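Trainee: For reference, the sequence and a predicted model appear below.
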Amino acid sequence: MTDAELLSGLDEMIKDAPGVGLCPLPFKVIRDAVVSLIAERDALKQKTRWISVEERLPEPETSVMVAFDDGDIWCLWQNWDSDDERDDPLIYFKDHIDGPTHTVTHWMLMPDLP
């Protein structure tokens with residue numbers, strides 16, 4: 001069931017309640033709560049989604065999780081800055097433990113602390 005279908009069903013209940021001897025107020029309260037929960041869910045989805053570095057980069061000095069082109073995922077704090085010597089505006093990191101160069105493809109904000 002989609003959000004629109006759910007809200008439409010509640011709207012029908014609100015409209016039909018007086019005709020069957022019910023008070024529409026509880027249905028209005030439920031509808032308001034559902035609208036609030038939908039907005040909260042959508043905000044959480046936006047906050048926790050992986051964002052392509054081609055779409056945008058995080059603000060400087062931000063703790064983020066990053067996904068690399070080789071499948072690695074790291075938690076990083078980085079002063080995000082493009083290197084003027086490269087044609088490609090994407091961000092590159094070098095693994096300091098004799099590893100290969102990784103290309104960041106996506107990032108997301110760190111979740112809130114428990």
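Mentor: Cool, got the structure.

Trainee: Please count neighbours and contacts with C-alpha atoms only from this point.
Mentor: Noted.

Trainee: Just grab the bridge partners of residue 63 for me.
Mentor: As for beta bridges, residue 63 partners with residue 77 under DSSP bridges.

Trainee: what separates it from residue 74, distance-wise?
Mentor: 11 Å (C-alpha to C-alpha, to the nearest Å).

Trainee: neighbour-wise, which of these two wins?
Mentor: Set side by side, residue 63 and residue 74 show more neighbours around residue 63, with 17 against 13, by other C-alpha atoms under 10 Å.

Trainee: Would you mark the buried spots in the longest strand seen in the chain?
Mentor: Identified as the longest strand of the chain according to DSSP state E is strand 101-109. Of all the residues in strand 101-109, those buried under the rule 16 or more other C-alpha atoms under 10 Å are 102, 103, 104, 105, 106, 107, 108, 109.

Trainee: so what's the third one bridging to?
Mentor: Read it as residue 104. Counting by DSSP bridges, residue 104 is bridged to residue 68.

Trainee: got a list of what residue 7 touches?
Mentor: 31, 34, 35 (C-alpha atoms under 8 Å, 6 or more residues apart in numbering).

Trainee: do that again at 10 Å, thanks
Mentor: Residue 7 makes contact with 13, 30, 31, 32, 34, 35 under the criterion C-alpha atoms under 10 Å, 6 or more residues apart in numbering.

Trainee: Same question for residue 13.
Mentor: 7, 20, 22, 23, 24, 26, 27, 28, 31.

Trainee: Repeat that for residue 29.
Mentor: Counted by C-alpha under 10 Å, 6+ apart, residue 29 has contacts residue 35.

Trainee: For it, pull up the helix or strand it's in.
Mentor: helix 25-47 (DSSP states H and E).
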